[in-house]
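[1] I would like the atomic coordinates for the input below:
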Amino acid sequence: MQRIKLENLENVVDRINSAGVGTYMVDHTSGGVRLSMLNETGGRRAITPIGTKRETYYRMHAFLDGVEAAQHGGQS
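    As a prediction, the model looks like this:
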């Protein structure tokens, strides 16, 4: 199994942000990482729970799949 690095997470965040559905970032907290969304006032809202890099990587891909499906009307 390939090691998941911060660079892998940042690449997925870049893809999510390029979809134009808000501004997202990788948050480091409590010994883990999570996907967070930045709001207009500068605050953050957790999108995924805190997890390992691998868990967060898979959750971020699931989130991205959902975004892309919504943009394309659910068509592959």
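[2] can we go C-alpha only for contacts and neighbour counts from here?
    OK.
[3] residue boundaries of the helices in the protein?
    6-18, 53-71 (DSSP state H).
[4] low-confidence ranges in this protein?
    Within the chain, the segments meeting pLDDT under 70 span 74-76.
[5] out of the helices of the chain, which gets nearest to Met37?
    Closest to Met37 of the helices of the chain is helix 6-18 (CA to CA; 9.9 Å).
[6] using PDB, list the CA coordinates for the closest one.
    Extracted in PDB, the C-alpha atoms of helix 6-18 (Å, rounded to 0.1, in the frame of the first residue of the first chain):
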ATOM      1  CA  LEU A   6       0.300  15.700   3.000                       C
ATOM      2  CA  GLU A   7       1.100  16.400  -0.700                       C
ATOM      3  CA  ASN A   8      -1.500  13.800  -1.700                       C
ATOM      4  CA  LEU A   9      -4.100  15.500   0.400                       C
ATOM      5  CA  GLU A  10      -3.200  18.900  -0.900                       C
ATOM      6  CA  ASN A  11      -3.600  17.700  -4.500                       C
ATOM      7  CA  VAL A  12      -7.100  16.500  -3.800                       C
ATOM      8  CA  VAL A  13      -8.000  19.800  -2.100                       C
ATOM      9  CA  ASP A  14      -6.700  21.600  -5.200                       C
ATOM     10  CA  ARG A  15      -9.100  19.500  -7.300                       C
ATOM     11  CA  ILE A  16     -12.000  20.200  -5.000                       C
ATOM     12  CA  ASN A  17     -11.300  24.000  -5.000                       C
ATOM     13  CA  SER A  18     -11.000  24.000  -8.800                       C
END
